[in-house]
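**Student:** Everything below, folded, please.
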Amino acid sequence: MGRGPGAFTGVRLGVSVAQGLALGLDIPVVPVSSLAALAQDAPLGDGLVLAVIDARMGEVYAGTYRRGSDGLVDVIGEETVDRAEKLILQKSKQWSVIGSGWDAYRDALAARLSGPPAWADGARYPQARQIARLAQPQFAAGRGVSPEYALPVYLRDKVALTLDEQRAR
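**Tutor:** Below you'll find the model as predicted:
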């Protein structure tokens, strides 16, 4: 199940549906990061993948990934939410960038990379097939959780700026 981060309502709905189905079927759930699913959709390459989703309010949800020998992405560090110009990224000779954050904050993100990306697509969103692909080995290994423990991940609990915060931007 896609656990977020992402749009508040969409994440809540997705988690609720997954929990309801899993409860009804009496099966565990494997929560999968929306950023990891997005990164999994990037083409194979030797470098790192930066998955970025426009978080609105001038920020991006971001995660850096490396593809493992099994073809699945592994997160490097932690997924974050921050202003694009403040992201701290690993050094890499080659970057692929994927997600709506690229279109929204292209210049600020490009300045954070160690060079121009080898590939970038700002029109991609997390796909259910990639969530399933990432969840399958975890499910097979018995690493699912009871549905009531499959909770959304927001990275940011604040969903709106105050008027003072809006004026300061």
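**Student:** gap between the two ends of stretch 104-122?
**Tutor:** End-to-end distance of stretch 104-122 (Cα to Cα, to the nearest Å): 8 Å.
**Student:** Quick check: the residue nearest the centre of the chain vs residue 148, distance?
**Tutor:** Closest residue to the average C-alpha location of the chain: residue 35 at 1.3 Å, with Cα atoms, centre = their mean. Here the distance between residue 35 and residue 148 works out to 24 Å (Cβ to Cβ, to the nearest Å). Every C-beta, even on glycine, is put in place using the N, C-alpha and C of the backbone.
**Student:** so residue 38, which of the three states?
**Tutor:** Secondary structure, DSSP: H, G, I helix; E, B strand; the rest coil: residue 38 is helix.
**Student:** Which residues lie in contact with the nearest residue to it once chain neighbours are set aside in this structure?
**Tutor:** Nearest in space to residue 38, with sequence neighbours left out and distances taken as Cβ to Cβ, 6 or more residues apart in numbering, is residue 51 at 4.2 Å. With contacts defined as Cβ atoms under 8 Å, 6 or more residues apart in numbering, residue 51 is in contact with 35-36, 38-39, 42, 62-65, 98-99.
**Student:** Give me the three-state assignment for the residue nearest to residue 40 when sequence neighbours are not counted.
**Tutor:** If the residues on either side of it in the chain are set aside, residue 40 comes closest to residue 130, at 4.1 Å by Cβ to Cβ, 6+ apart. Under the three-state scheme (three-state DSSP), residue 130 adopts helix.
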